[in-house]
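Undergrad: Kindly generate the corresponding structure for this input.
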Amino acid sequence: MSSETALIEAARKGSAAAFSDLVSAYREGLLRFLLTRSASYADAEDALQDTLINAYRYLHSYNAQWRFSTWLYRIAINNAAKLKTADTVELGDLSDEENDPLSHCIQHQDRQNLWLSARRRLSDEVYTAMWLRYVEDMSVNDIAAVLERSVSWTKVNLMRGRKTLEAELAAPATDEKSKAYG
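TA: Below is the predicted model:
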């Protein structure tokens, strides 16, 4: 029995210390992931706390067929979705004026930060699949489980996401301006 399995069993029996030890390995990665899906750091922290509370509350429902991290990320996705509101400002909605210095700064940052660009260009599910694969280093099977999609869907959309981002990176800076304001 692995140490993670032992911690899960101890936590299921009510050990808060075992649960704390269990999730400590995932806390930083979950927060980093939730930051990409939240409007602010505070929202990401709230979603993280909700994720950990829900994980503790529903630990009895965890199925050992899946990796524990897969189960945690599924809970995190659900909690982040609950925090999203209609008034959340997307990066592309900050300004409509071409000469706005803020929009130029944002365009420059997008060129420097692939994940910001990915967040704007990809659907939530494809972005999440890309993040879980390339940042969290999850397997395709685990990503499919987290997203509740087929392995085929996951593979195809990872490929499409890569192609979209490759095209984005290959585009000259002037093309980005027309995309942002077009």
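Undergrad: mind giving me the domain split of this protein?
TA: Following automatic domain parsing, the chain resolves into domains at 3-83, 99-181.
Undergrad: mean confidence score for the last one?
TA: In this case it means domain 99-181. In this model, domain 99-181 has a mean pLDDT of 75.
Undergrad: ok, now the shortest one?
TA: Per-residue confidence for domain 3-83 averages out to 89 on the pLDDT scale.
Undergrad: so how far is it off the chain centroid?
TA: With CA atoms, centre = their mean, to the nearest Å as the basis, domain 3-83 stands 13 Å off its chain's centre.
Undergrad: coming back round to it: for the domains of the chain, give me TSV that also has mean neighbour count.
TA: (C-beta placed from N, C-alpha, C; glycine too.) Listed next are those as TSV, based on neighbours: other CB atoms under 10 Å:
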stretch	mean neighbour count
domain 3-83	16
domain 99-181	15
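Undergrad: For residue 118, give its distance to residue 45.
TA: 22 Å (CB to CB, to the nearest Å).
Undergrad: Equivalent analysis for residue 63, please.
TA: 28 Å.
Undergrad: so the residue sitting nearest the centre point of the chain is in which element?
TA: Nearest to the geometric centre of the chain sits residue 33, at 4.1 Å (CA atoms, centre = their mean). Using DSSP states H and E, residue 33 sits within helix 16-35.
Undergrad: same check, this time on residue 119
TA: Under the criterion of DSSP H and E, residue 119 resides in helix 114-121.
Undergrad: So which elements touch that helix?
TA: helix 101-112, helix 124-134, helix 151-170 (3 or more CB pairs under 8 Å, 6 or more residues apart in numbering; DSSP states H and E).
Undergrad: nearest to residue 22, of those helices?
TA: Of all those, it is helix 124-134 that lies closest to residue 22, at 19.4 Å by CB to CB.
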